[in-house]
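Student: here are the coordinates; sequence isn't available:
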């Protein structure tokens, strides 16, 4: 099934090129999305599926994933043909870019209609989030409000992707220069975006205290 979406494993050079969390990611106009889909099929067991997607024909990869979600998550809407109740799914994305504002809106709307689906998003880089009034920042806050856990990828996440999604041919993952420092910087930035009011309250308190 997954091979109909994209080949299961990413070439090594393509993964490094698109997921490298560099400060200025020039030329990276595509977004890659590696995914893991889990469904509990019994008290102690999970069904497991994985693969990757990228932008196609002008369609952003997040919305492209939603096109395939019926095949990836049978029974999500209780229409598997067996009369069963809705099944619960846990989906994890590892994205080279964070979602744009429009994709965040569409995802939030979709999740409001599927309470039996839990989504976690790990991102390598933040998309157009430099300015305070960026609509992409508002979109990320909307996703958080919709229950999405959004996290910046760290070394262990890149290592997991390398082991799971990359055609590595037994080669080991080697961290590029500034992987850790860039991850820490982006993580702090994301935290400021997702907690704007708390951050401003703390700044005001520090000013009052003369700190």
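Tutor: Good, I have the coordinates. No experiment lies behind these values; they were computed from the predicted model shown. Residues are numbered from 1 along each chain as shown.
Student: ok, which stretches of the protein are helices?
Tutor: Along the chain, counting by DSSP state H, helices occupy 12-19, 61-72, 101-113, 135-145, 155-165, 179-194, 196-209.
Student: I'd like the ones you listed as CSV, with mean pLDDT, distance to residue 35 and mean neighbour count appended.
Tutor: From N, CA and C alone the C-beta is placed, and that goes for glycine too. Putting these into CSV (pLDDT from 0 to 100; distance: least, Cβ to Cβ, whole Å; neighbours: other Cβ atoms under 10 Å) gives the following:
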stretch, mean pLDDT, distance to residue 35, mean neighbour count
helix 12-19, 96, 14, 17
helix 61-72, 95, 7, 17
helix 101-113, 97, 13, 17
helix 135-145, 96, 16, 19
helix 155-165, 97, 9, 17
helix 179-194, 97, 20, 16
helix 196-209, 53, 29, 10
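Student: Quick check: which of those helices is nearest to residue 31?
Tutor: Closest approach to residue 31 among the helices of the chain (Cβ to Cβ): helix 61-72, 4.8 Å.
Student: Tell me which other helices or strands the closest one touches.
Tutor: strand 32-42, strand 45-54, strand 89-97, helix 101-113 (3 or more Cβ pairs under 8 Å, 6 or more residues apart in numbering; DSSP states H and E).
Student: tell me the angle the third one makes with strand 45-54.
Tutor: Put simply, strand 89-97 runs at 30 degrees to strand 45-54, going by axes from the mean of the first three to the mean of the last three Cα atoms, to 10 degrees.
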